[in-house]
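*Asks:* Next one to model:
(one chain, ligands or ions: 2)
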Amino acid sequence: MPQFTITPVSDHLDIDIRNKIDLKTKPIGALGLLEDTAFTIARIQQTLTPSLNAPTIAVFAGDHGIAKTGLVNPYPQEVTYQMVMNFVKGGAAINVLSKQNNIDIKIIDAGVNYDFGTVDKLIDAKIAYGTANYLEGPAMTQAQCEQAIAKGAEIIQSIFNKGSNVVGFGEMGIGNTSAASLLMSVICDIPIADCVGKGTGANQEQLAGKIKTLQQVLEKHQDLDKANPIAILSTFGGFEIAQICGGMLKAAELGMIILVDGFICTAALLVAQMIEKAILDYCVFTHQSEEHGHQLMLKTINAKPLLQLGMRLGEGTGCAVAYPIVQSACTFLNEMASFEGAGVSQQSAI
Ligand SMILES: O=C(O)c1ccc[n+]([C@@H]2O[C@H](COP(=O)([O-])O)[C@@H](O)[C@H]2O)c1
Ligand SMILES: Cc1cc2nc[nH]c2cc1C
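*Replies:* Ligands and ions are numbered 1, 2, ... in the order given. I've put the predicted structure just below:
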(Lines give C-alpha, C1' and ligand atoms only; values in the text may rest on other atoms or scores of the structure.)
(Ligands and ions follow the chains in the order given, each with its own letter.)
Protein backbone atom coordinates (compact mmCIF):
# COMPACT_ATOMS: atom_id res chain seq x y z
CA MET A 1 0.00 0.00 0.00
CA PRO A 2 1.47 3.40 -0.93
CA GLN A 3 2.09 5.46 2.18
CA PHE A 4 1.09 9.11 2.48
CA THR A 5 2.37 11.55 5.05
CA ILE A 6 -0.21 14.24 5.46
CA THR A 7 0.65 16.93 7.94
CA PRO A 8 -2.39 18.42 9.64
CA VAL A 9 -2.45 22.09 8.66
CA SER A 10 -0.78 24.13 11.40
CA ASP A 11 -2.98 26.52 13.39
CA HIS A 12 0.06 28.79 13.90
CA LEU A 13 -1.19 31.53 11.58
CA ASP A 14 -4.89 31.18 12.37
CA ILE A 15 -5.15 34.34 14.45
CA ASP A 16 -3.16 36.41 11.96
CA ILE A 17 -5.22 35.17 9.02
CA ARG A 18 -8.49 35.81 10.88
CA ASN A 19 -7.29 39.31 11.80
CA LYS A 20 -6.31 40.08 8.23
CA ILE A 21 -9.79 39.03 7.05
CA ASP A 22 -11.55 40.93 9.83
CA LEU A 23 -9.56 44.13 9.26
CA LYS A 24 -10.61 44.42 5.62
CA THR A 25 -12.99 47.30 4.88
CA LYS A 26 -16.24 45.40 5.43
CA PRO A 27 -18.42 44.44 8.36
CA ILE A 28 -17.10 41.32 10.15
CA GLY A 29 -18.19 38.20 8.26
CA ALA A 30 -19.83 40.17 5.44
CA LEU A 31 -18.06 38.20 2.71
CA GLY A 32 -19.61 35.01 4.05
CA LEU A 33 -18.22 31.77 2.63
CA LEU A 34 -15.56 33.74 0.73
CA GLU A 35 -14.04 34.48 4.13
CA ASP A 36 -14.06 30.81 5.15
CA THR A 37 -12.51 29.90 1.80
CA ALA A 38 -9.79 32.54 2.12
CA PHE A 39 -9.07 31.25 5.63
CA THR A 40 -8.80 27.65 4.38
CA ILE A 41 -6.50 28.59 1.48
CA ALA A 42 -4.22 30.80 3.56
CA ARG A 43 -3.97 28.06 6.20
CA ILE A 44 -3.12 25.39 3.62
CA GLN A 45 -0.37 27.58 2.16
CA GLN A 46 0.70 28.90 5.60
CA THR A 47 0.83 32.46 4.35
CA LEU A 48 -1.18 35.68 4.61
CA THR A 49 -0.75 36.15 0.84
CA PRO A 50 -1.91 32.93 -0.84
CA SER A 51 -1.81 32.38 -4.59
CA LEU A 52 -3.47 30.01 -7.05
CA ASN A 53 -1.13 28.59 -9.66
CA ALA A 54 -1.83 26.47 -12.74
CA PRO A 55 -5.30 25.27 -11.68
CA THR A 56 -5.94 21.80 -13.04
CA ILE A 57 -8.88 19.41 -13.03
CA ALA A 58 -8.11 15.70 -13.35
CA VAL A 59 -11.03 13.68 -14.72
CA PHE A 60 -10.76 9.96 -13.97
CA ALA A 61 -12.92 7.51 -15.92
CA GLY A 62 -13.74 3.92 -15.08
CA ASP A 63 -16.36 1.27 -15.68
CA HIS A 64 -18.33 -0.74 -13.17
CA GLY A 65 -19.18 -4.43 -13.49
CA ILE A 66 -22.65 -3.87 -12.06
CA ALA A 67 -23.48 -1.52 -14.93
CA LYS A 68 -23.56 -4.40 -17.43
CA THR A 69 -26.61 -5.81 -15.62
CA GLY A 70 -28.64 -2.63 -16.17
CA LEU A 71 -30.05 -3.05 -12.63
CA VAL A 72 -28.84 0.30 -11.29
CA ASN A 73 -28.06 2.57 -14.25
CA PRO A 74 -30.42 4.17 -16.76
CA TYR A 75 -27.65 4.69 -19.36
CA PRO A 76 -25.65 1.82 -20.93
CA GLN A 77 -22.02 1.18 -20.00
CA GLU A 78 -20.64 2.26 -23.38
CA VAL A 79 -21.50 5.88 -22.53
CA THR A 80 -18.38 5.91 -20.33
CA TYR A 81 -15.96 5.43 -23.25
CA GLN A 82 -18.08 7.59 -25.55
CA MET A 83 -17.89 10.45 -23.04
CA VAL A 84 -14.13 9.93 -22.66
CA MET A 85 -13.86 10.47 -26.42
CA ASN A 86 -16.02 13.57 -26.03
CA PHE A 87 -13.65 14.84 -23.28
CA VAL A 88 -10.56 14.38 -25.43
CA LYS A 89 -12.25 16.12 -28.34
CA GLY A 90 -13.18 19.05 -26.09
CA GLY A 91 -16.97 18.89 -26.40
CA ALA A 92 -18.14 18.04 -22.87
CA ALA A 93 -19.36 20.35 -20.10
CA ILE A 94 -16.07 20.00 -18.24
CA ASN A 95 -14.14 21.10 -21.33
CA VAL A 96 -16.08 24.27 -21.97
CA LEU A 97 -16.44 25.28 -18.31
CA SER A 98 -12.74 24.72 -17.61
CA LYS A 99 -11.78 26.63 -20.73
CA GLN A 100 -14.00 29.53 -19.66
CA ASN A 101 -12.06 29.79 -16.39
CA ASN A 102 -8.56 29.03 -17.73
CA ILE A 103 -8.32 25.70 -15.97
CA ASP A 104 -6.19 22.97 -17.50
CA ILE A 105 -7.80 19.52 -17.67
CA LYS A 106 -6.32 16.04 -17.74
CA ILE A 107 -8.37 13.04 -18.86
CA ILE A 108 -7.41 9.70 -17.38
CA ASP A 109 -8.48 6.19 -18.35
CA ALA A 110 -8.46 4.61 -14.90
CA GLY A 111 -10.28 1.47 -16.05
CA VAL A 112 -12.73 1.96 -18.88
CA ASN A 113 -14.14 -1.14 -20.57
CA TYR A 114 -12.85 -0.12 -23.99
CA ASP A 115 -9.63 -0.37 -25.91
CA PHE A 116 -8.71 3.22 -26.77
CA GLY A 117 -5.42 2.34 -28.42
CA THR A 118 -3.33 5.49 -28.42
CA VAL A 119 -5.45 8.61 -28.14
CA ASP A 120 -3.88 12.04 -27.96
CA LYS A 121 -4.63 13.81 -24.65
CA LEU A 122 -5.77 10.62 -22.91
CA ILE A 123 -3.61 9.44 -20.01
CA ASP A 124 -3.48 5.65 -19.93
CA ALA A 125 -3.70 4.51 -16.32
CA LYS A 126 -5.95 1.55 -17.01
CA ILE A 127 -6.02 -0.99 -14.19
CA ALA A 128 -8.46 -3.32 -15.99
CA TYR A 129 -11.39 -3.23 -18.41
CA GLY A 130 -13.88 -2.24 -15.73
CA THR A 131 -14.42 -3.68 -12.25
CA ALA A 132 -16.10 -6.97 -11.42
CA ASN A 133 -19.77 -7.04 -10.44
CA TYR A 134 -19.99 -6.68 -6.64
CA LEU A 135 -23.22 -8.70 -6.65
CA GLU A 136 -20.91 -11.66 -7.28
CA GLY A 137 -17.67 -10.77 -5.52
CA PRO A 138 -15.43 -7.81 -4.68
CA ALA A 139 -15.20 -5.15 -7.42
CA MET A 140 -11.42 -5.45 -7.51
CA THR A 141 -8.56 -7.25 -5.82
CA GLN A 142 -6.65 -5.56 -3.06
CA ALA A 143 -3.61 -5.45 -5.38
CA GLN A 144 -5.64 -3.64 -8.06
CA CYS A 145 -6.96 -1.22 -5.46
CA GLU A 146 -3.47 -0.39 -4.22
CA GLN A 147 -2.21 -0.08 -7.81
CA ALA A 148 -5.03 2.36 -8.55
CA ILE A 149 -4.27 4.45 -5.46
CA ALA A 150 -0.60 4.58 -6.49
CA LYS A 151 -1.50 5.55 -10.10
CA GLY A 152 -3.78 8.36 -8.96
CA ALA A 153 -1.02 9.64 -6.70
CA GLU A 154 1.51 9.50 -9.55
CA ILE A 155 -0.78 11.55 -11.82
CA ILE A 156 -1.29 14.26 -9.22
CA GLN A 157 2.46 14.33 -8.51
CA SER A 158 3.07 15.10 -12.19
CA ILE A 159 0.44 17.88 -12.13
CA PHE A 160 2.19 19.34 -9.06
CA ASN A 161 5.57 19.04 -10.79
CA LYS A 162 4.24 21.27 -13.58
CA GLY A 163 3.64 24.06 -11.06
CA SER A 164 0.05 23.51 -9.96
CA ASN A 165 -0.98 24.18 -6.37
CA VAL A 166 -4.74 23.75 -6.82
CA VAL A 167 -6.30 20.60 -8.22
CA GLY A 168 -9.90 19.63 -8.82
CA PHE A 169 -11.08 16.06 -9.17
CA GLY A 170 -13.73 14.87 -11.58
CA GLU A 171 -15.01 11.48 -12.73
CA MET A 172 -16.96 9.64 -15.38
CA GLY A 173 -18.30 6.13 -14.97
CA ILE A 174 -21.70 4.72 -15.71
CA GLY A 175 -22.90 3.04 -12.50
CA ASN A 176 -20.60 4.95 -10.18
CA THR A 177 -23.36 6.59 -8.12
CA SER A 178 -24.07 3.05 -6.89
CA ALA A 179 -20.44 2.53 -5.85
CA ALA A 180 -20.46 5.91 -4.10
CA SER A 181 -23.72 5.09 -2.29
CA LEU A 182 -22.30 1.79 -1.04
CA LEU A 183 -19.12 3.49 0.18
CA MET A 184 -21.18 6.14 1.95
CA SER A 185 -23.50 3.62 3.58
CA VAL A 186 -20.65 1.52 4.97
CA ILE A 187 -18.27 4.34 5.95
CA CYS A 188 -20.88 6.66 7.46
CA ASP A 189 -23.06 3.83 8.82
CA ILE A 190 -26.15 5.21 7.12
CA PRO A 191 -28.93 2.96 5.72
CA ILE A 192 -28.43 2.43 1.98
CA ALA A 193 -31.88 3.84 1.14
CA ASP A 194 -30.72 7.24 2.46
CA CYS A 195 -27.54 7.08 0.35
CA VAL A 196 -29.10 6.25 -3.01
CA GLY A 197 -30.34 8.79 -5.53
CA LYS A 198 -31.43 8.91 -9.14
CA GLY A 199 -27.90 9.15 -10.58
CA THR A 200 -28.12 9.99 -14.26
CA GLY A 201 -31.92 9.98 -14.03
CA ALA A 202 -33.55 6.85 -12.60
CA ASN A 203 -37.34 7.13 -12.31
CA GLN A 204 -39.19 6.10 -9.12
CA GLU A 205 -39.46 2.46 -10.17
CA GLN A 206 -35.80 2.27 -11.24
CA LEU A 207 -34.77 3.97 -7.98
CA ALA A 208 -36.63 1.33 -5.94
CA GLY A 209 -34.86 -1.38 -7.96
CA LYS A 210 -31.48 0.32 -7.44
CA ILE A 211 -32.02 0.39 -3.66
CA LYS A 212 -33.07 -3.26 -3.63
CA THR A 213 -30.04 -4.33 -5.66
CA LEU A 214 -27.64 -2.37 -3.45
CA GLN A 215 -29.24 -3.86 -0.34
CA GLN A 216 -28.44 -7.31 -1.81
CA VAL A 217 -24.86 -6.18 -2.42
CA LEU A 218 -24.49 -5.15 1.23
CA GLU A 219 -25.93 -8.48 2.39
CA LYS A 220 -23.49 -10.37 0.19
CA HIS A 221 -20.56 -8.48 1.75
CA GLN A 222 -21.84 -8.26 5.31
CA ASP A 223 -18.64 -9.83 6.71
CA LEU A 224 -16.53 -7.02 5.30
CA ASP A 225 -14.14 -5.37 7.78
CA LYS A 226 -15.74 -1.93 8.06
CA ALA A 227 -12.68 -0.46 9.75
CA ASN A 228 -10.46 -1.26 6.75
CA PRO A 229 -10.64 1.43 4.03
CA ILE A 230 -8.81 -0.67 1.43
CA ALA A 231 -11.17 -3.61 1.97
CA ILE A 232 -14.17 -1.28 1.60
CA LEU A 233 -12.76 0.41 -1.51
CA SER A 234 -11.79 -2.93 -3.10
CA THR A 235 -15.27 -4.34 -2.50
CA PHE A 236 -17.41 -1.48 -3.80
CA GLY A 237 -15.12 0.98 -5.53
CA GLY A 238 -14.42 1.80 -9.08
CA PHE A 239 -10.95 2.24 -10.51
CA GLU A 240 -11.70 5.94 -11.04
CA ILE A 241 -12.79 6.28 -7.40
CA ALA A 242 -9.64 4.52 -6.15
CA GLN A 243 -7.41 6.72 -8.35
CA ILE A 244 -9.19 9.84 -7.09
CA CYS A 245 -8.67 8.63 -3.53
CA GLY A 246 -4.93 8.17 -4.16
CA GLY A 247 -4.73 11.46 -6.04
CA MET A 248 -6.40 13.36 -3.22
CA LEU A 249 -4.07 11.81 -0.65
CA LYS A 250 -1.04 12.81 -2.72
CA ALA A 251 -2.41 16.34 -3.26
CA ALA A 252 -2.75 16.82 0.50
CA GLU A 253 0.72 15.39 1.09
CA LEU A 254 2.05 17.99 -1.37
CA GLY A 255 0.15 20.82 0.33
CA MET A 256 -2.10 21.45 -2.67
CA ILE A 257 -5.61 22.86 -2.42
CA ILE A 258 -8.08 20.07 -3.24
CA LEU A 259 -11.28 21.07 -5.01
CA VAL A 260 -13.94 18.49 -4.23
CA ASP A 261 -16.71 17.99 -6.79
CA GLY A 262 -19.97 16.06 -6.31
CA PHE A 263 -21.29 12.81 -4.91
CA ILE A 264 -18.74 10.39 -6.34
CA CYS A 265 -15.65 12.51 -5.65
CA THR A 266 -16.81 13.14 -2.09
CA ALA A 267 -17.23 9.36 -1.68
CA ALA A 268 -13.58 8.94 -2.76
CA LEU A 269 -12.69 11.51 -0.10
CA LEU A 270 -14.65 9.53 2.51
CA VAL A 271 -12.27 6.64 1.89
CA ALA A 272 -9.22 8.94 1.84
CA GLN A 273 -10.11 10.52 5.18
CA MET A 274 -10.33 7.01 6.70
CA ILE A 275 -6.73 6.53 5.59
CA GLU A 276 -5.53 10.02 6.66
CA LYS A 277 -8.03 12.18 8.52
CA ALA A 278 -5.88 15.31 8.06
CA ILE A 279 -6.71 15.35 4.34
CA LEU A 280 -9.87 17.27 5.21
CA ASP A 281 -7.73 20.31 6.12
CA TYR A 282 -6.80 20.62 2.42
CA CYS A 283 -10.29 20.53 0.92
CA VAL A 284 -12.55 23.16 -0.58
CA PHE A 285 -16.05 21.77 -1.24
CA THR A 286 -17.18 23.30 -4.47
CA HIS A 287 -20.85 22.41 -4.59
CA GLN A 288 -23.67 20.37 -3.20
CA SER A 289 -24.84 18.00 -5.87
CA GLU A 290 -28.50 17.34 -6.49
CA GLU A 291 -27.77 13.64 -6.00
CA HIS A 292 -29.90 12.63 -3.03
CA GLY A 293 -27.17 11.47 -0.61
CA HIS A 294 -24.70 14.28 -1.16
CA GLN A 295 -26.10 16.70 1.42
CA LEU A 296 -25.90 14.09 4.19
CA MET A 297 -22.48 12.92 2.99
CA LEU A 298 -21.14 16.48 3.23
CA LYS A 299 -22.70 16.87 6.67
CA THR A 300 -20.89 13.82 8.03
CA ILE A 301 -17.54 15.49 7.28
CA ASN A 302 -18.69 18.97 8.32
CA ALA A 303 -18.25 20.32 4.81
CA LYS A 304 -19.81 23.59 3.71
CA PRO A 305 -20.19 23.60 -0.08
CA LEU A 306 -19.72 26.86 -1.98
CA LEU A 307 -22.56 26.38 -4.46
CA GLN A 308 -25.91 24.72 -4.72
CA LEU A 309 -26.99 24.97 -8.34
CA GLY A 310 -28.96 21.75 -8.66
CA MET A 311 -26.09 20.27 -10.68
CA ARG A 312 -25.62 16.47 -10.79
CA LEU A 313 -23.31 15.90 -13.71
CA GLY A 314 -19.95 14.97 -12.24
CA GLU A 315 -16.88 15.31 -14.54
CA GLY A 316 -15.51 17.93 -12.10
CA THR A 317 -18.02 20.53 -13.31
CA GLY A 318 -18.69 21.78 -9.77
CA CYS A 319 -14.95 22.50 -9.42
CA ALA A 320 -14.84 24.36 -12.73
CA VAL A 321 -17.89 26.50 -11.95
CA ALA A 322 -16.80 27.29 -8.38
CA TYR A 323 -13.20 28.12 -9.29
CA PRO A 324 -13.85 31.86 -9.86
CA ILE A 325 -15.27 31.98 -6.32
CA VAL A 326 -12.06 30.44 -4.98
CA GLN A 327 -10.18 33.10 -6.95
CA SER A 328 -12.39 35.80 -5.40
CA ALA A 329 -11.53 34.51 -1.93
CA CYS A 330 -7.84 34.75 -2.72
CA THR A 331 -8.18 38.15 -4.38
CA PHE A 332 -10.04 39.89 -1.58
CA LEU A 333 -7.51 38.64 0.96
CA ASN A 334 -4.59 39.89 -1.14
CA GLU A 335 -5.94 43.10 -2.62
CA MET A 336 -8.65 44.62 -0.44
CA ALA A 337 -7.74 47.60 1.73
CA SER A 338 -7.75 47.38 5.50
CA PHE A 339 -9.64 49.83 7.72
CA GLU A 340 -6.37 51.45 8.70
CA GLY A 341 -4.99 51.63 5.16
CA ALA A 342 -8.17 53.16 3.77
CA GLY A 343 -8.87 55.46 6.71
CA VAL A 344 -12.27 53.87 7.38
CA SER A 345 -13.59 53.75 10.94
CA GLN A 346 -14.18 50.38 12.52
CA GLN A 347 -17.25 49.14 14.33
CA SER A 348 -17.85 51.04 17.56
CA ALA A 349 -19.49 49.60 20.66
CA ILE A 350 -23.23 50.35 20.73
O1 LIG B 1 -21.13 14.22 -9.27
C2 LIG B 1 -22.32 13.98 -8.97
O3 LIG B 1 -22.83 14.43 -7.95
C4 LIG B 1 -23.09 13.07 -9.90
C5 LIG B 1 -24.40 12.77 -9.59
C6 LIG B 1 -25.11 11.95 -10.46
C7 LIG B 1 -24.49 11.42 -11.61
N8 LIG B 1 -23.20 11.71 -11.88
C9 LIG B 1 -22.55 11.17 -13.10
O10 LIG B 1 -23.39 10.18 -13.68
C11 LIG B 1 -22.71 8.96 -13.86
C12 LIG B 1 -23.17 7.94 -12.86
O13 LIG B 1 -24.57 7.83 -12.82
P14 LIG B 1 -25.25 6.39 -12.79
O15 LIG B 1 -26.72 6.67 -12.81
O16 LIG B 1 -24.80 5.68 -14.05
O17 LIG B 1 -24.78 5.73 -11.55
C18 LIG B 1 -21.25 9.25 -13.68
O19 LIG B 1 -20.63 9.39 -14.93
C20 LIG B 1 -21.20 10.52 -12.87
O21 LIG B 1 -20.19 11.37 -13.34
C22 LIG B 1 -22.51 12.55 -11.06
C1 LIG C 1 -24.30 11.78 -21.29
C2 LIG C 1 -23.63 11.64 -19.94
C3 LIG C 1 -22.59 12.53 -19.58
C4 LIG C 1 -21.98 12.37 -18.32
N5 LIG C 1 -20.99 13.02 -17.71
C6 LIG C 1 -20.78 12.49 -16.52
N7 LIG C 1 -21.62 11.49 -16.36
C8 LIG C 1 -22.39 11.37 -17.45
C9 LIG C 1 -23.42 10.50 -17.79
C10 LIG C 1 -24.04 10.64 -19.03
C11 LIG C 1 -25.15 9.70 -19.40
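*Asks:* doesn't Ile264 fall inside a strand?
*Replies:* No: counting by DSSP: H, G, I helix; E, B strand; the rest coil, Ile264 is not part of a strand but helix.
*Asks:* who touches it in this structure?
*Replies:* Residues near Ile264 by C-beta atoms under 8 Å, 6 or more residues apart in numbering: Glu171, Gly173, Asn176, Thr177, Ala179, Ala180, Glu240, Ile241, Ile244, Gly314. In this view, the C-beta of every residue, glycine as well, is placed from N, C-alpha and C.
*Asks:* Not counting sequence-adjacent ones, nearest residue to it?
*Replies:* Distances taken as C-beta to C-beta, 6 or more residues apart in numbering put Ala180 closest to Ile264, at 4.5 Å, once the chain neighbours are dropped.
*Asks:* In contact with the one you found: list those residues for me.
*Replies:* Contacts of Ala180 (C-beta under 8 Å, 6+ apart): Ile241, Phe263, Ile264, Thr266, Ala267, Gly293.
*Asks:* Could I have the buried ones of those as ChimeraX selection syntax?
*Replies:* Selection of the buried residues among those in ChimeraX, burial being defined by 16 or more other C-beta atoms under 10 Å:
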select :241,263,264,266,267,293
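*Asks:* any chance of the contacts of Ala180 in JSON lines, plus pLDDT and distance to Ile127?
*Replies:* Formatted as JSON lines, the contacts of Ala180 follow (pLDDT from 0 to 100; distance: C-beta to C-beta, whole Å):
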{"residue": "Ile241", "pLDDT": "99", "distance to Ile127": "11"}
{"residue": "Phe263", "pLDDT": "98", "distance to Ile127": "22"}
{"residue": "Ile264", "pLDDT": "99", "distance to Ile127": "17"}
{"residue": "Thr266", "pLDDT": "99", "distance to Ile127": "22"}
{"residue": "Ala267", "pLDDT": "99", "distance to Ile127": "18"}
{"residue": "Gly293", "pLDDT": "98", "distance to Ile127": "26"}
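*Asks:* Which member of the contacts of Ala180 is positioned nearest ligand 2?
*Replies:* If you rank the contacts of Ala180 by distance to ligand 2 using C-beta to the nearest ligand atom, Ile264 comes first, at 9.2 Å.
*Asks:* Would you mind marking which of the contacts of Ile264 are also close to ligand 2?
*Replies:* Among these, the residues lying close to ligand 2 (C-beta under 6 Å from any ligand atom) are Gly314.
*Asks:* Quick check: the farthest pair among the contacts of Ile264?
*Replies:* Distance extremes for those: the farthest pair is Thr177 and Ile244 at 14.3 Å, using C-beta to C-beta.
*Asks:* Neighbour count: the two, which is higher?
*Replies:* Using other C-beta atoms under 10 Å, the more surrounded residue of Thr177 and Ile244 is Ile244, with 36 against 31.
*Asks:* Using the three-state scheme, assign the residue in the stretch 101-250 of the chain that ligand 1 sits nearest to.
*Replies:* Residue of the stretch 101-250 of the chain nearest ligand 1, by C-beta to the nearest ligand atom: Gly199 (2.3 Å). Secondary structure state of Gly199, per three-state DSSP, is coil.
*Asks:* doesn't Glu291 make contact with it?
*Replies:* Yes: at 7.1 Å, Gly199 counts as touching Glu291 under the criterion of C-beta atoms under 8 Å.
*Asks:* Overlap in contacts, those two.
*Replies:* Thr177.
*Asks:* can you give me phi and psi for the closest residue to Leu309 other than its chain neighbours?
*Replies:* Nearest residue to Leu309, sequence neighbours excluded (C-beta to C-beta, 6+ apart): His287, at 6.4 Å. With angles defined as degrees, to the nearest 10, His287 sits at phi -160, psi 160.
*Asks:* per-residue confidence at His287?
*Replies:* With respect to pLDDT, His287 scores 98.
*Asks:* Can you get me a residue count around it?
*Replies:* 25.
*Asks:* Wait, it touches Leu307, no?
*Replies:* Yes: using C-beta under 8 Å, His287 makes contact with Leu307 at a distance of 4.1 Å.
*Asks:* Span of stretch 170-184 from start to end?
*Replies:* 18 Å (C-alpha to C-alpha, to the nearest Å).
*Asks:* Does that stretch reach ligand 1?
*Replies:* Yes: Stretch 170-184 reaches ligand 1 (C-beta under 6 Å from any ligand atom) through Glu171, Met172, Gly173, Ile174, Gly175, Asn176, Thr177, Ser178.
*Asks:* if we can go back for a sec, next, find the distance separating the residue nearest to Ile264 from Gly262.
*Replies:* Applying C-beta to C-beta, to the nearest Å, the value for Ala180 to Gly262 is 9 Å.
*Asks:* List the backbone torsions phi and psi for Ile257.
*Replies:* Residue torsions, per degrees, to the nearest 10, at Ile257 are phi -80, psi 130.
*Asks:* Need the max-distance pair from the contacts of Ala180.
*Replies:* Taking C-beta to C-beta as the measure, the contacts of Ala180 have their most distant pair in Ile241 and Gly293, spaced 14.6 Å apart.
*Asks:* Any residues of the stretch 101-250 of the chain in contact with ligand 2? List them.
*Replies:* Residues of the stretch 101-250 of the chain lying near ligand 2 by C-beta under 6 Å from any ligand atom: Met172, Thr200.
*Asks:* do that again at 8 Å, thanks
*Replies:* Glu171, Met172, Gly173, Ile174, Thr200 (C-beta under 8 Å from any ligand atom).
*Asks:* any weak-confidence spans in this structure?
*Replies:* Within the chain, not a single segment meets pLDDT under 70.
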